[in-house]
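*Asks:* Return a 3D structure for these sequence lines:
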Amino acid sequence: MTTDGRAIGPRRRWRRAVRTLLIVALLAIYPVRRAVEYAAEPAAPKDCPPVEPEGAPPAAAGAALPDAGPLRWSQRGGTINDASCLNRTPIRGVVEVRQADDVRNALAFARQHGLRVSIAGVRHSMGGQAFAKNALVLDMRGFNRITLDGQAAVVRVESGATWHDIQKAIHPKWAVKSMQSTDIFTVGGSISVNAHGMDHRSGSVGRTVRSMRVMLPDGTVRNISRSEDPRLFNLVVGGYGLFGVILDVELEIVPNAIYESAREVIDYQQFVPMLASRIVPDPRVGLMYAHLSTAPPSLLRETIVYTYDEVPGTATVVPPLAEVGQVKLRRLVFNLSKHGSLAMRLKWFAEKRIEPMLESCTVSRNQALGEGEACLVSRNDPMHDSVPYLRNNLSNETDILHEYFIPRDQLVPFVDGLREIARSAPVTLLNASVRVVHREDNFLTYAPADDMLAVVLYINQSTDRTGRGQMDAFTKQVIDLCLRARGRFFLPYQVAYTREQLEQSYPQMRQFLAARAEFDPDRVLTSTFVEKIEALLGQ
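*Replies:* Have a look, this model is predicted:
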């Protein structure tokens with residue numbers, strides 16, 4: 001019985017039994033004290049101190065402005081960091097944005113005081129894209145109003161709205177057409193990196209933008225789209241906030257279809273043939289992604305392919321979106337997997353063998369949907385995940401992302417080379433996934449041709465000088481491998497590449513910087529990322 005007297009069904013008893021067995025297995029391997037530490041809720045966002053050059057004094061925090069002006073300041077002076085925790089940077093302050101005039105006033109204040117401005121959302125780009133040394137930072141997260149137009153199948157959102165906010169606003173009738181695989185990011189940030197996710201048909205977020213309003217550094221506002229001011233549109237999409245501040249966006253949405261979820265374990269060499277012969281030709285498959293094994297015996301060989309097949313006319317009532325459950329158990333398993341082959345094997349075994357048992361359908365389809373369990377889900381459900389289990393209290397370590405875009409016919413040799421690098425490098429590969437991307441027309445396109453795949457890596461590293469050096473070396477090795485495969489690497493992550501690697505992957509980068517100078521001749525909008533790129537290219 002539950003605490004309120006309701007009977008517990010056999011499926012829920014089975015779920016509890018399996019969960020208990022998994023916890024017992026983990027505690028048999030690791031001391032209770034360590035398990036409690038690894039499962040604990042984070043006390044605060046992770047913030048690693050910078051690694052200073054040998055003999056250098058610690059970097060000072062940014063000084064507050066003596067005349068703060070008529071702005072809404074959430075922080076005066078001090079430092080800021082991103083989700084990697086590796087980029088603590090002194091700034092002049094953080095301005096909260098609630099309306100378009102807040103942006104205009106901040107830009108005017110910056111020009112008046114000779115300041116530079118950076119644009120920030122949830123700061124999950126990991127190479128200093130959301131701030132710069134001694135910059136004024138615009139915090140866009142409070143600029144988040146959402147308006148649904150079901151008749152036109154669009155939603156108008158301010159750029160600080162997160163995908164989580166949007167899903168809650170348009171559910172249950174409507175769903176996002178394209179977004180990232182988790183819902184924590186802001187729309188403005190997703191457009192600025194031209195993010196993509198599980199929908200192998202729609203492609204990137206940029207492809208679903210009908211129009212935008214963008215405020216240029218001089219305070220003027222432009223309406224842009226593929227037909228109206230297309231050049232600026234293609235610079236802003238994937239432009240890393242260097243051409244203007246995105247104010248609001250009109251996004252395409254789709255009906256919130258009902259899917260039956262499935263998973264299949266295959267060899268990695270079978271993935272591209274499966275994609276071409278079974279997934280792409282089947283119009284019922286609405287979402288798809290794959291996970292490659294990170295367990296040593298099957299490293300980057302065994303592959304779980306997740307698919308979501310539409311089941312038309314299945315249910316008339318769609319339940320509210322539920323937040324992800326079993327957070328502490330998920331966090332425990334994930335964090336333990338950072339420490340040794342046995343734990344990594346257990347993590348992969350749980351994903352491959354235990355999760356399917358917990359998710360199998362044991363009731364009728366309508367009842368399964370009504371109870372929010374079993375294998376029927378709405379389109380919004382798989383992406384409604386704020387990944388709280390990835391946040392932790394662990395010190396002296398952090399988890400970072402890499403992403404590489406590879407032609408489909410090069411996936412197998414790329415994965416073979418990656419396996420060799422990962423086995424010899426002193427890094428811990430936590431997750432590897434594969435998604436579909438399409439040819440993109442934005443200026444800094446990561447997919448200049450059709451039939452490309454995104455290989456996304458989640459990697460644990462130490463935050464000391466040794467760990468950072470090892471990650472830099474690993475990154476350069478993988479980029480070289482990517483370039484040999486005629487691929488490109490994704491730019492929102494750490495700037496750990498050479499000038500030659502950057503120019504080979506993005507031959508249009510110098511033209512991109514020249515266009516930035518055209519739209520922002522005084523360099524009002526900036527970031528650590530673009531400053532490093534300019535230094536790398538000698539500009």
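*Asks:* how about the helices in the stretch 101-250 of the chain?
*Replies:* Per DSSP state H, counting those that start in this stretch, the stretch 101-250 of the chain carries helices over the ranges 163-170, 187-193, 230-236.
*Asks:* Nearest to R111, out of those?
*Replies:* Of all those, it is helix 230-236 that lies closest to R111, at 20.3 Å by Cβ to Cβ. (Glycine included, C-beta is placed from N, CA and C.)
*Asks:* What is that closest one packed up against?
*Replies:* strand 209-215, strand 221-224, helix 509-519 (3 or more Cβ pairs under 8 Å, 6 or more residues apart in numbering; DSSP states H and E).
*Asks:* before we move on, back to that, out of the helices of the stretch 101-250 of the chain, which is the most enclosed?
*Replies:* helix 187-193 (a mean of 27; mean count of other Cβ atoms under 10 Å).
*Asks:* contact partners of that helix?
*Replies:* 119, 121-122, 124-125, 129-130, 140, 157-163, 166, 179-180, 195, 205-206, 209, 212, 236-241, 246, 249, 251, 490-492 (Cβ atoms under 8 Å, 6 or more residues apart in numbering).
*Asks:* Go again with 7 Å.
*Replies:* 121-122, 125, 140, 157, 159-161, 179-180, 205-206, 209, 237-241, 246, 249, 492 (Cβ atoms under 7 Å, 6 or more residues apart in numbering).
*Asks:* can you check stretch 409-427 too?
*Replies:* By Cβ under 7 Å, 6+ apart, stretch 409-427 touches 268-269, 271-272, 299-300, 406, 429, 453, 455, 459, 461, 470-471, 474, 477-478, 481-482, 485-487.
*Asks:* go again using 6 Å as the cut-off
*Replies:* With contacts defined as Cβ atoms under 6 Å, 6 or more residues apart in numbering, stretch 409-427 is touched by 268-269, 272, 299-300, 406, 429, 453, 459, 470, 474, 477, 481, 485.
*Asks:* rewinding a little: can you list the helices of the stretch 101-250 of the chain in JSON lines and add distance to K352 and mean pLDDT?
*Replies:* Formatted as JSON lines, these follow (distance: least, Cβ to Cβ, whole Å; pLDDT from 0 to 100):
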{"stretch": "helix 163-170", "distance to K352": "28", "mean pLDDT": "97"}
{"stretch": "helix 187-193", "distance to K352": "30", "mean pLDDT": "98"}
{"stretch": "helix 230-236", "distance to K352": "41", "mean pLDDT": "98"}
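*Asks:* Which one of these lies nearest to R523?
*Replies:* Nearest of those (Cβ to Cβ): helix 230-236, 15.5 Å.
*Asks:* How far does that closest one sit from its chain's centre?
*Replies:* Here helix 230-236 is found 22 Å from its chain centre; the criterion is Cα atoms, centre = their mean, to the nearest Å.
*Asks:* With only the CA atoms kept, save that helix in CSV.
*Replies:* The C-alpha trace of helix 230-236 is given here as CSV (Å, rounded to 0.1, in the frame of the first residue of the first chain):
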residue,chain,number,x,y,z
PRO,A,230,18.6,36.9,-44.8
ARG,A,231,22.3,37.8,-44.5
LEU,A,232,21.9,39.0,-40.9
PHE,A,233,19.6,36.1,-40.2
ASN,A,234,22.3,33.6,-41.2
LEU,A,235,24.9,35.5,-39.1
VAL,A,236,22.7,35.5,-36.0
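*Asks:* Report how many residues lie close to the closest residue to A68 other than its chain neighbours.
*Replies:* Spatially, and ignoring its direct neighbours in sequence, A68 is nearest to R76 (6.6 Å; Cβ to Cβ, 6 or more residues apart in numbering). R76 is flanked by 14 other residues according to other Cβ atoms under 10 Å.
*Asks:* Quick check on R76: phi, psi?
*Replies:* phi -120, psi 120 (degrees, to the nearest 10).
*Asks:* Please verify my assumption that it contacts A63.
*Replies:* No: contact criterion Cβ atoms under 6 Å: R76 and A63 do not qualify, at 9.0 Å.
*Asks:* quick one: which two of the contacts of stretch 409-427 are the most distant?
*Replies:* Largest pairwise distance in these, by Cβ to Cβ, is 31.3 Å, between V272 and Q470.
*Asks:* need the next SSE after the worst-scoring helix or strand of the chain on mean pLDDT, C-terminal direction.
*Replies:* Between all helices and strands in the chain, the lowest mean by mean pLDDT, DSSP states H and E belongs to helix 365-371, at a mean of 48. Per DSSP states H and E, the first helix or strand lying C-terminal to helix 365-371 is strand 376-378.
*Asks:* Tell me which of the helices of the stretch 101-250 of the chain lies nearest to A496.
*Replies:* helix 187-193 (16.9 Å).
*Asks:* hmm, back to that, of the contacts of stretch 409-427, buried ones?
*Replies:* Burial by neighbour count, judged by 16 or more other Cβ atoms under 10 Å, picks out 268, 272, 299-300, 406, 429, 453, 459, 470, 474, 477, 481, 485 from the contacts of stretch 409-427.
*Asks:* hmm, back to that, same list (the helices and strands packed on helix 230-236) but as TSV, adding mean neighbour count.
*Replies:* Formatted as TSV, the helices and strands packed on helix 230-236 follow (neighbours: other Cβ atoms under 10 Å):
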stretch	mean neighbour count
strand 209-215	20
strand 221-224	17
helix 509-519	15
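*Asks:* Quick one: closest of those to L390.
*Replies:* strand 209-215 (27.5 Å).
*Asks:* element containing P273, please.
*Replies:* Counting by DSSP H and E, P273 is found in helix 271-274.
*Asks:* leaving aside the residues next to it on the chain, what's closest to T147?
*Replies:* R156 (4.4 Å).
*Asks:* Across the sheet, point out what pairs with the one you found.
*Replies:* Bridge pairing for R156 (DSSP bridges) gives the partners T147, E250.
*Asks:* For it, give its distance to G150.
*Replies:* Between R156 and G150 the distance is 12 Å, computed by Cβ to Cβ, to the nearest Å.
*Asks:* Strands along the stretch 201-350 of the chain, start to end?
*Replies:* Taking DSSP state E, counting those that start in this stretch to define them, one finds strands in the stretch 201-350 of the chain at 209-215, 221-224, 245-255, 258-267, 285-292, 302-310.
*Asks:* got those as a markdown table, with mean pLDDT and distance to A68 columns?
*Replies:* Output for the strands of the stretch 201-350 of the chain, formatted as a markdown table (pLDDT from 0 to 100; distance: least, Cβ to Cβ, whole Å):
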| stretch | mean pLDDT | distance to A68 |
| --- | --- | --- |
| strand 209-215 | 98 | 21 |
| strand 221-224 | 98 | 25 |
| strand 245-255 | 97 | 20 |
| strand 258-267 | 93 | 51 |
| strand 285-292 | 97 | 46 |
| strand 302-310 | 96 | 50 |
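*Asks:* how about those in a markdown table, adding distance to A449?
*Replies:* Formatted as a markdown table, the strands of the stretch 201-350 of the chain follow (distance: least, Cβ to Cβ, whole Å):
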| stretch | distance to A449 |
| --- | --- |
| strand 209-215 | 22 |
| strand 221-224 | 25 |
| strand 245-255 | 24 |
| strand 258-267 | 25 |
| strand 285-292 | 20 |
| strand 302-310 | 23 |
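*Asks:* Quickly list what the closest residue to E228 other than its chain neighbours is bridged to.
*Replies:* The shortest distance from E228 to any non-neighbouring residue, by Cβ to Cβ, 6+ apart, is to S211 (7.2 Å). Beta bridges link S211 to E250, judged by DSSP bridges.
*Asks:* quick one: the nearest residue to A161 once chain neighbours are set aside and S386, what's the gap?
*Replies:* Nearest non-adjacent residue to A161, counting by Cβ to Cβ, 6+ apart: N144, 4.0 Å away. Note on N144: its distance to S386, by Cβ to Cβ, is 15 Å.
*Asks:* Tell me which of these two has more neighbours.
*Replies:* When N144 and S386 are compared for neighbours, N144 comes out ahead with 19 against 16, by other Cβ under 10 Å.
*Asks:* Quick check, pLDDT for the residue nearest to T147.
*Replies:* pLDDT for R156: 98.
*Asks:* export the contacts of stretch 409-427 to a markdown table and tack on distance to D218?
*Replies:* Shown next, in a markdown table, are the contacts of stretch 409-427 (distance: Cβ to Cβ, whole Å):
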| residue | distance to D218 |
| --- | --- |
| Y268 | 51 |
| Q269 | 54 |
| V272 | 48 |
| L299 | 52 |
| L300 | 49 |
| I406 | 40 |
| L429 | 46 |
| L453 | 41 |
| I459 | 41 |
| Q470 | 44 |
| F474 | 42 |
| Q477 | 43 |
| L481 | 43 |
| A485 | 42 |
